[in-house]
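Peer 1: quick one: sequence plus predicted model below, questions after.
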Amino acid sequence: MGNVHELNFLKEKIDELKKDGVYRKLPILETPNETEIILNGKKVINLSSNNYLGFANNPRMKKAAIEAVEKYGVGSGAVRTIVGNMDIHEELEKVLAEFKREEAAFIFQSGFNCNAGTIQAITEKGDLIISDELNHASIIDGCRLSRADKTIYKHSDMDSLEQVLKENRDKYNKLLIITDGVFSMDGDIAKLPEIVELAEKYEAMTYVDDAHGSGVLGESGRGTVDHFGLHGRVDFSMGTLSKAIGVIGGYVAGSQTMYEWLSHRARPVLFSTSLPPAAVGAIIEAIKILSETTEYTDRLWDNAKYFKEKLGTLGFNTGHSETPITPVIIGEESKAMEFSRKLLENGVFVSGIVFPTVPKGTGRVRCMVTAAHTREQLDRAVEVFETVGKEMNII
Ligand SMILES: *Cc1c(COP(=O)(O)O)cnc(C)c1O
């Protein structure tokens, strides 16, 4: 048996990871998450962050964070339902609702626990959750916490979705369709207008996870719902404050009724301490910046287009991305990982992504271009892609 405290059952699993060649150490960053970073002691161009607008180290936002710390301290001290609901939390929700052009917005400590807390709060036994097969892990976990039944439809396949709706409409009380707004591995956009049409036809509710659409799509980054002009027709418009917005947190925007219910029943609000003042102050400033100018989102799209065109011209397969997420599809898993490793050796950090995160045989590196990259940095990265791509017979 051995000593129970030695956790031998975990050691065995870790040995298996090592045998399968997937054991790894977490990379260590010694700088802010900028376009050039020091990673594991080496200076490299960063093409792997979700810091789409470069806000993670924005001077105006840092100043706002420091001011919030001076006024409110470093922690909120309690859950929101007891004594952790500060006036800046309320202010942030007002600012977000206005920015998202919805009645209300309810904030969470992260995008992950926003999905985990919201999905279970708005569904119950006798309901059915209908989820795109490529939805994010936090949606899947959120669904698992719900007492409702769950089913999936084929990725962005409207025939498949309609069939599920038709078959189940009469068997359940409420139906809830959930989709990512932008799918994080391929960068494709959900067919939201069609989804909303079908939802209205079969009287289902809709829930969009806009983690990769917030700060990216729509007017000055208002998201996928704004991009398609579907305000008032998507019931739950969820977003993160950790990717393009550059800080931490998540929210759902929608109706006042939704707001009131979540404030009573979303478990992360009842049982987990609210966002720290520094984060809240910085996020309010981020939304202010986006409300003042489209400069950041414009530059993001310009850079993404520039980079994607350069890679395409060289002969790389960048898939069917419609957003700044730029996959470079290699195929074989080990080759994708080797490509990533060689890019890094040559000064460009692009993470390799393989099965089970993406289907077998579609191993890739995923480039995340940001508004903060300079043309010179993008050109340098493209040069390295060309050299390594030729060396490995990818192009
Ligand atoms: C990153 C991500 C989340 C989680 O957001 P965090 O704020 O990082 O917790 C949720 N959904 C999707 C689609 C994401 O990509």
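Peer 2: Structure's in. What do you need?
Peer 1: what does the stretch 201-350 of the chain put close to the ligand?
Peer 2: Contacts of the stretch 201-350 of the chain with the ligand, taken as C-beta under 6 Å from any ligand atom, map to 209, 211-212, 240, 242, 250. Where you see a C-beta, it was placed from the backbone N, CA and C, and this is true even at glycine.
Peer 1: which of those residues fall in strands?
Peer 2: 209, 240, 250 (DSSP state E).
Peer 1: of the residues you listed, which is the most crowded?
Peer 2: If you count neighbours using other C-beta atoms under 10 Å, the busiest of these is Asp209, which has 34 neighbours.
Peer 1: low pLDDT regions in this structure?
Peer 2: Scanning the chain for pLDDT under 70 picks out the ranges 1-2.
Peer 1: for the one residue in the stretch 101-250 of the chain that gets nearest to the ligand, give me its contacts.
Peer 2: Distances between the stretch 101-250 of the chain and the ligand by C-beta to the nearest ligand atom are smallest at Gly111, namely 2.4 Å. Shown in contact with Gly111 (C-beta atoms under 8 Å, 6 or more residues apart in numbering): 138, 209, 211, 238-243, 249-250.
Peer 1: at 10 Å instead, please
Peer 2: Residues in contact with Gly111 (C-beta atoms under 10 Å, 6 or more residues apart in numbering) are 136, 138, 209-211, 214, 238-243, 248-251.
Peer 1: equivalent analysis for Thr318, please.
Peer 2: Going by C-beta under 10 Å, 6+ apart, Thr318 touches 186-187, 307-309, 311-312, 325-329, 364, 367.
Peer 1: ok, now His212?
Peer 2: 50, 52, 136, 180-184, 187, 189, 223-224, 239-240, 243-244, 323-325, 368.
Peer 1: among those, which are in strands?
Peer 2: 180, 239-240, 325, 368.
Peer 1: what's around the nearest residue to Asp149 once chain neighbours are set aside, how many residues?
Peer 2: The shortest distance from Asp149 to any non-neighbouring residue, by C-beta to C-beta, 6 or more residues apart in numbering, is to Leu128 (5.0 Å). Other residues within reach of Leu128, judged by other C-beta under 10 Å, total 22.
Peer 1: tell me where the stretch 201-350 of the chain has strands.
Peer 2: 205-209, 236-240, 250-254, 325-331, 348-349 (DSSP state E, counting those that start in this stretch).
Peer 1: go on, the stretch 1-150 of the chain?
Peer 2: Using DSSP E, counting those that start in this stretch, strands in the stretch 1-150 of the chain cover 36-39, 42-46, 104-108, 128-132, 149-153.
Peer 1: can you redo those as JSON lines with distance to the ligand?
Peer 2: Listed next are these as JSON lines, based on distance: least, C-beta to the nearest ligand atom, whole Å:
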{"stretch": "strand 36-39", "distance to the ligand": "19"}
{"stretch": "strand 42-46", "distance to the ligand": "17"}
{"stretch": "strand 104-108", "distance to the ligand": "9"}
{"stretch": "strand 128-132", "distance to the ligand": "11"}
{"stretch": "strand 149-153", "distance to the ligand": "15"}
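Peer 1: of all those strands, which one is nearest Arg375?
Peer 2: strand 42-46 (12.5 Å; C-beta to C-beta).
Peer 1: for stretch 376-389, buried residues please.
Peer 2: Residues of stretch 376-389 classed as buried: 377-378, 380-382, 384-386, 388-389 (neighbour count, 16 or more other C-beta atoms under 10 Å).
Peer 1: what residues does the stretch 1-150 of the chain put near the ligand?
Peer 2: Checking the stretch 1-150 of the chain against the ligand by C-beta under 6 Å from any ligand atom, the hits are 110-112, 115, 136, 138.
Peer 1: top of these by neighbour count?
Peer 2: Neighbour max across these (other C-beta under 10 Å) = Asn115, 29 neighbours.
Peer 1: how about the contacts made by the residue lying closest to Ser214 once chain neighbours are set aside?
Peer 2: Excluding the flanking residues, the one nearest Ser214 by C-beta to C-beta, 6+ apart is Gly239, at 3.8 Å. Each residue near Gly239 by C-beta under 10 Å, 6+ apart is listed here: 96, 99-100, 105, 111, 114, 181, 208-215, 221-225, 245, 249-253.
Peer 1: return the residues in contact with Gly142.
Peer 2: By C-beta under 10 Å, 6+ apart, the neighbours of Gly142 are 112-121, 123, 129, 131, 135-136, 178, 207, 209, 238.
Peer 1: the same query, at a cut-off of 7 Å, please.
Peer 2: Applying C-beta atoms under 7 Å, 6 or more residues apart in numbering, we find Gly142 in contact with 115-116, 118-120.
Peer 1: show me which of those are buried.
Peer 2: 115-116, 118-120.
Peer 1: can I get the residues you listed in CSV including distance to Tyr172?
Peer 2: Below are these laid out as CSV (distance: C-beta to C-beta, whole Å):
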residue, distance to Tyr172
Asn115, 21
Ala116, 22
Thr118, 19
Ile119, 15
Gln120, 16
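Peer 1: that older thread, for PyMOL, what selects the buried ones among the contacts of Thr318?
Peer 2: Restricted to buried positions by 16+ other C-beta under 10 Å, the PyMOL selection for the contacts of Thr318 reads:
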select buried, resi 186+187+307+308+311+325+326+327+328+329+364+367
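Peer 1: ok, the contacts of Thr318 vs Ser156, which is closest?
Peer 2: Using C-beta to C-beta, Asp186 is the member of those that sits closest to Ser156, with 9.9 Å.
Peer 1: surely the closest one is in contact with Thr326?
Peer 2: No: applying C-beta atoms under 7 Å, one finds Asp186 not in contact with Thr326, separated by 10.1 Å.
Peer 1: what's the end-to-end length of stretch 226-238?
Peer 2: 13 Å (C-alpha to C-alpha, to the nearest Å).
Peer 1: about what we covered before: give the contact list for the residue nearest to Asp149.
Peer 2: Counting by C-beta under 7 Å, 6+ apart, Leu128 has contacts 148-149, 151, 168, 172, 175.
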